[in-house]
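1. Next one to model:
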Amino acid sequence: MYVRMRNQWLVPPLGVGLAAALLTGCGSDDGSTAGTGDAVVMGMSDDVQATDPASGYDPGSWLLFNNVFQSLLSFPNGSTEPEPEAAKECQFNDGTTVYTCTLRDGLEFSNGDALTSKDVKYSFDRMMKINDGAGPAIMFPMLDKVQAPNEKTVVFKLKYADATFPSKIASGAGSIVDRTEYPADKLRTDGKAVGSGPYKLDSYGKKEAVFSVNTKYEGNAEVKNSGVTMKFFHGDQTGLKKSLLAGDVDVAYRGLAAKDISDIEASNNKDIDVIQGTSAEVQHLVFNVKDPVVGKLGVRKAMAYLVDRDALINDVYDNTTSALYSIIPAGITGHNTAFFDTYGDHPDKARAAAALRAAGITGKVKLTLWSTPSRYGPATDAEFKAIAKQLNASGLFDADVKSVEFSQYERDIKSGKYGVYVKGWVPDYPDPDNFTQPFFGKDNVLANNYTNNTITDTIVPETAALSDRGTTTGPYEQLQNIVAEQLPILPLWQAKQYALVRDGVYGLENCLDASTVFRFWEISKG
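-> Numbering: from 1, shown residues only. Modelled structure (predicted):
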């Protein structure tokens, strides 16, 4: 089988200075976006949780947002620096607390309504007002107010300096909605969507979503197909694999089991290509530092000495992930190897035993590893069983695994029921801030009772204010060294992105990079 692959870390680290002004790059300005290729059928096992961008904060929903809606800025293929999309230009004024964008000419929503600065203001005001618990408003604590002084100008005033603001509004969180189509104080719940992106959402249901090319689109994307149908498999990995092999879907993305990918790759099936791209998705073992068992640092250190990442990657993930020894993944500014330097890369029973003795523990440590079956990948339960086996093989632990559905899982974490649990993270934007502030800032997503004033009060806000992101390397290395020593979380792996495609389907290599933007328009068929 012919395998087309990108180098795993082809995308360079985000280290160059953030430009004072972002100007429109090359792209289509004449509205000629209709694709000439055949329609594409894509299957994935992730669900789309929402069609309203004020709510969705999951990979499936953002896939929809990135293709149906426009943001002022976007991430071009292979880049971690945002460029103008619905905007003609954007720039910081008065340091990094006032951000001004000028819109392109001729912007329209798919229903023919003009897109003006009032729609941009409305979209952000609405998102913040609704403040949905499953939505992206959590990304904008710095946002004070949005102004629309004229039809083409949008002014964002921030409460404090945040040089990563352009990256945040370039993500799905910056989706612009038609103010006449979306209520100001509640979510739209009819499963419809009206945006100005390269595609229109024609229909959305339990089994599939159908997208056609938006001929009114004005932006950088050049559409290479005549539409996309996205079929939902709701965690059914076997069904997704069978549909790909039978030719019922052209592309399988997100949800094939690691073994299925490796089996197909090894089968020399001439009808299917395996496309590998970069990814900044990560997974961590999280410790509740107030738990009576793992609240003891010696227990956490013993576990860090015993977890064998290479065995997990080989035995559970069939080498479709890479070992992660840092909070910030490879390919992103600030990445280091703090956990490798502190705990090594192979199990060390002697050091684990010494850590327990130093904590006054002499008997076996009894604990439960809590998992959820699909939210953080279909192999998560098997992975946690393998970790428990590794811990127990040392003779120092008596560990078991329990798995619960995600809704219950989240409630139990918030209530402090779990001592050890899993958290996966697909970044909102490819900047070190997005791997640190959500984990260690105020009201963070881990809910593990860990606080460190140096991180929360100094490193996180000071790095956010630095417009030259390359200068953040030192502080982010300091942060990771602190976390490696105090162990509120233990990094496990960094994903590799895969898409499996039928012969005659092209362009997937332009959909898989560290920005996590899956670009329908890059896929061609026929």
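2. so Val316 touches Ala382, yeah?
-> Yes: using C-beta atoms under 8 Å, Val316 makes contact with Ala382 at a distance of 5.3 Å. From N, CA and C alone the C-beta is placed, and that goes for glycine too.
3. What residues does Lys464 make contact with?
-> Let me fix one detail, which is that residue 464 is Ala and not Lys. Ala464 makes contacts with 142, 160-164, 433, 437, as judged by C-beta atoms under 8 Å, 6 or more residues apart in numbering.
4. Which single one of these is nearest to Asn449?
-> Proximity of the contacts of Ala464 to Asn449 (C-beta to C-beta) peaks at Gln437, which lies at 17.5 Å.
5. In contact with the closest one, which residues are there?
-> Here Gln437 is in contact with 444, 460, 464 (criterion: C-beta under 8 Å, 6+ apart).
6. Which parts of the stretch 151-300 of the chain are strands?
-> With DSSP state E, counting those that start in this stretch as the criterion, the stretch 151-300 of the chain has strands at 153-158, 199-204, 208-213, 227-232, 251-253, 272-277, 282-287.
7. Equivalent analysis for the stretch 351-500 of the chain, please.
-> Secondary structure of the stretch 351-500 of the chain (DSSP E, counting those that start in this stretch): strands at 365-371, 397-403, 420-425, 489-495, 497-502.
8. what's the least confident stretch among those strands?
-> Lowest mean pLDDT of the strands of the stretch 351-500 of the chain: strand 497-502, a mean of 93.
9. I'd like the next helix or strand past that strand.
-> For strand 497-502, the following helix or strand on the C-terminal side (DSSP states H and E) is strand 505-506.
10. Packing partners of the helix or strand following that following strand?
-> With elements assigned by DSSP H and E, the helix or strand that comes after strand 505-506 is strand 524-525. Counting by 3 or more C-beta pairs under 8 Å, 6 or more residues apart in numbering; DSSP states H and E, the packing neighbours recorded for strand 524-525 are strand 505-506.
11. Residues contacting the strand it packs on, please?
-> For strand 505-506, contacts defined as C-beta under 8 Å, 6+ apart pick out 40, 250-251, 273, 523-525.
12. Show me what that strand pairs with in its sheet, parallel or antiparallel.
-> Strand 505-506 pairs in its sheet with strand 524-525 (antiparallel), by DSSP bridges.
13. Mean confidence (pLDDT) on stretch 322-338, please.
-> 95.
14. wait, I meant stretch 405-416
-> On average, the pLDDT along stretch 405-416 is 94.
15. same thing with stretch 447-460?
-> Average pLDDT, stretch 447-460: 95.
16. who's in contact with it?
-> Contact with stretch 447-460 is made by 286-290, 413-414, 416, 433, 436-437, 440-442, 475-476, 478-479, 482-483, 486, 488-489, as judged by C-beta under 8 Å, 6+ apart.
17. Throw together a PyMOL command that grabs the buried residues out of these.
-> Filtering the contacts of stretch 447-460 down to the buried ones (16 or more other C-beta atoms under 10 Å) takes a single PyMOL command:
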select buried, resi 286+287+288+289+413+433+436+437+440+441+475+476+478+479+482+483+486+488+489
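18. Work out for me the element Lys121 sits within.
-> Using DSSP H and E, Lys121 sits within helix 117-130.
19. Beyond that helix, next helix or strand please.
-> Downstream of helix 117-130, the next assigned helix or strand under DSSP H and E is strand 143-150.
20. What residues sit buried inside that next one?
-> Under the neighbour-count criterion of 16+ other C-beta under 10 Å, strand 143-150 has 143, 146, 148 buried.
21. quick one: low-confidence parts of this structure?
-> Where the chain drops to pLDDT under 70, the residues are 1-35.
22. most centrally placed residue in it?
-> Note on the chain: the residue nearest the mean C-alpha position is Val426, at 2.2 Å, using C-alpha atoms, centre = their mean.
23. How about the contacts made by the most far-flung residue of the chain relative to its centre?
-> Ranking residues of the chain by C-alpha distance from their mean position (C-alpha atoms, centre = their mean) puts Thr362 at the top, at 41.0 Å. Counting by C-beta under 8 Å, 6+ apart, Thr362 touches Leu356.
24. Please repeat the previous calculation with a cut-off of 6 Å.
-> Contacts for Thr362 (C-beta atoms under 6 Å, 6 or more residues apart in numbering) come out as none.
25. where does it fall, phi/psi-wise?
-> Here is the backbone geometry of Thr362 (degrees, to the nearest 10): phi -110, psi -30.
26. Now the helix holding Lys121: buried residues?
-> Those would be 117, 119-124, 126-128, 130, for helix 117-130 by 16+ other C-beta under 10 Å.
27. As CSV, those residues with distance to Ala323 would be great.
-> As requested, those are arranged in CSV below (distance: C-beta to C-beta, whole Å):
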residue, distance to Ala323
Ser117, 47
Asp119, 45
Val120, 42
Lys121, 45
Tyr122, 45
Ser123, 40
Phe124, 39
Arg126, 42
Met127, 37
Met128, 39
Ile130, 40
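28. How many neighbouring residues does Ala358 have?
-> 12 (other C-beta atoms under 10 Å).
29. Sorry, wrong one. I was asking about Gly507.
-> Neighbourhood size, Gly507 [other C-beta under 10 Å]: 21.
30. Out of the contacts of Ala464, name the ones that lie in helices.
-> Gln437 (DSSP state H).
31. so which of the contacts of Ala464 comes closest to Ser203?
-> Thr164 (35.9 Å).
32. For the closest one, give me its contacts.
-> With contact set as C-beta under 6 Å, 6+ apart, Thr164 has these partners: 431, 433, 464.
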